[in-house]
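Undergrad: Fold the following for me, if possible:
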Amino acid sequence: SEEVEAVVERTIAELGRVDIVINNAATNPAARPLIAGTPELFDKVYAVNVRGPLHLASLAAAWMADHGGGTVVNVISVGGLRPGPTIGLYCSSKAALQSLTRVMAQEWAPLGVRVNALAPGPVATDMVRAVEGTEFHRRMVEATSMKRIASPEEIVGTVLYLVSDASSYTTGATMVVDGGMNI
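TA: Residues are numbered from 1 along each chain as shown. You can find the predicted model right below:
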């Protein structure tokens, strides 16, 4: 919580304002069946994937409300829409963030703050690179119609749309960028 508060304070101190929040932090420290999970694992996944983004967005939205509005993009995952085995905690945390996105959008629209979710499929991030060469990675690639992992640059256009005036009538939406996943 202190780190999140410091980020907002530092952003305002150094840049003079906060107009955009991209909640892109995520963790999936252990792919395992739900039955093999622990309370500590649950707490870690939900702290990073749900509590942190909610706290950051709330702090920023409160400031935005008093300074002309802004926009929040919560990066969920296609797994939050179509969960799979062994990643149930991760997927359920991303589904929770999607639900919170809808509530944020409803509550914060009168404040001039738009909130949307981005649901990418597999993207070449540190989390995905960590499983390269595994059966799990192969299944991710095969699940896409394009039969490949996206580069981070392929996600940028959707993010730019969501944070720009081009999406001025878009709030509470979930944009899916998943290479045509078939799961």
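
Undergrad: So what does the closest residue in space to residue 28 that isn't next to it in sequence have for phi and psi?
TA: In space, and not counting its chain neighbours, residue 28 is closest to residue 90: 4.0 Å by Cβ to Cβ, 6 or more residues apart in numbering. Just so you know, the C-beta spots here come from the backbone N, C-alpha and C atoms, and that holds for glycine as well. Dihedral angles of residue 90 (phi, psi; degrees, to the nearest 10) stand at phi -60, psi -50.

Undergrad: after the longest strand seen in the chain, next one along is what?
TA: Determined from DSSP state E, the single longest strand within the chain is strand 113-120. Counting by DSSP states H and E, the next helix or strand C-terminal to strand 113-120 is helix 126-129.

Undergrad: in this protein, which ranges drop under the pLDDT threshold?
TA: Counting by pLDDT under 70, the chain shows low-confidence ranges at 183.

Undergrad: which residue is nearest the centroid of it?
TA: residue 75 (1.7 Å; Cα atoms, centre = their mean).

Undergrad: Can you report how many residues neighbour the residue lying closest to that residue once chain neighbours are set aside?
TA: Nearest residue to residue 75, sequence neighbours excluded (Cβ to Cβ, 6+ apart): residue 24, at 4.5 Å. Using other Cβ atoms under 10 Å, residue 24 has 14 other residues around it.

Undergrad: With residue 145 instead?
TA: 11.

Undergrad: what helix or strand is it on?
TA: Judged by DSSP H and E, residue 145 forms part of no helix or strand.

Undergrad: residues in contact with the closest residue to it other than its chain neighbours?
TA: In this structure, residue 145 finds its nearest non-sequential neighbour in residue 180, 3.0 Å apart by Cβ to Cβ, 6+ apart. Residues in contact with residue 180, defined by Cβ atoms under 8 Å, 6 or more residues apart in numbering, are 144, 145, 146.

Undergrad: Let me see the backbone angles for residue 180.
TA: With angles defined as degrees, to the nearest 10, residue 180 sits at phi 70, psi 50.
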